[in-house]
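Novice: Dropping the sequence and predicted coords here.
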Amino acid sequence: MVIERNNPQGPSGPAPGGPSGSIFRLGAAARRVLGAISCALLFAMMILTFVDVAGRYLFDSPLPAAYEIIAFTMPGIIFCALPMVNHRESHVTIDLLDLIVPASWIRWQSLIVNLFAAAVTGFIAWRLGARSYDHFRFREVTDELYLKLWIFSGTAALLCSVAALVFLVNAYGYAAGTRDRPSEDEGLYSE
């Protein structure tokens, strides 16, 4: 079910045929790609876990390096989904102050929250980037498969940077008055 908001430019920004239509389509394409990667990683992790458990209990032969592969698949799912979740603002929120905050301040509250989240996510991206550089500099590899660690931490840093940029775009939308706060009933896939 698609729930429309009272935003003349649509729920995700300008309409595809508008002046910045190509930028809108590029963002939608990136969300689809990241969503497909997240789903593929989740499905692979599910199959890998099933094969490992079946091998362990039925054949007394667990899948080699399954723990290591799952350990890298989980952050892959998280960091691929993070920009999409931030764009839709469908992350977990606690509405302790919503009853106290006047309706005229809600836009500014959302602006401040998105700016704070962008700063925190940017800091995490910076630290992941620094760790990735250390992995690269010291040629660190995984324990069982000898995969280069800098590739994983660098990808996580890049996706975390994208998530921070998404928070900044959301903040800009609130500051410019072109973005509405998503309603609680809004569907996850309503574009």
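Specialist: Cool, got the structure. Residues are numbered from 1 along each chain as shown.

Novice: Tell me which residue lies nearest the centroid of this structure.
Specialist: Centroid-nearest residue in the chain, with C-alpha atoms, centre = their mean: Leu82, separated by 0.9 Å.

Novice: the helices in this protein, which residues?
Specialist: Counting by DSSP state H, one finds helices in the chain at the ranges 21-58, 66-88, 106-137, 149-176.

Novice: What helices and strands are in contact with the first one?
Specialist: The one in question is helix 21-58. helix 66-88 (3 or more C-beta pairs under 8 Å, 6 or more residues apart in numbering; DSSP states H and E). C-beta coordinates here come from the backbone N, C-alpha and C atoms, glycine included.

Novice: and if you look at the last one?
Specialist: Taking 3+ C-beta pairs under 8 Å, 6+ apart as contact, the helices and strands that helix 149-176 lies on are helix 66-88, helix 106-137.

Novice: rank the ones you listed by pLDDT, which is bottom?
Specialist: Note on those: helix 66-88 shows the lowest mean pLDDT, a mean of 92.

Novice: Report the buried residues of it.
Specialist: Applying a neighbour-count criterion of 16 or more other C-beta atoms under 10 Å, one finds 66, 69, 72-73, 75-77, 79-88 buried in helix 66-88.

Novice: Just give me the neighbour total for Leu165.
Specialist: 16 (other C-beta atoms under 10 Å).

Novice: That one: what's it in contact with?
Specialist: Ala118 (C-beta atoms under 8 Å, 6 or more residues apart in numbering).

Novice: which non-adjacent residue is nearest the residue nearest to the centre of the chain?
Specialist: Ala163 (4.3 Å; C-beta to C-beta, 6 or more residues apart in numbering).

Novice: Please tell me the pLDDT value assigned to that neighbour.
Specialist: 94.

Novice: Neighbours of it, how many?
Specialist: For Ala163, using other C-beta under 10 Å, the count is 23.

Novice: need the helices and strands packed on helix 149-176 in JSON lines with distance to Met46, can you?
Specialist: Putting the helices and strands packed on helix 149-176 into JSON lines (distance: least, C-beta to C-beta, whole Å) gives the following:
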{"stretch": "helix 66-88", "distance to Met46": "10"}
{"stretch": "helix 106-137", "distance to Met46": "26"}
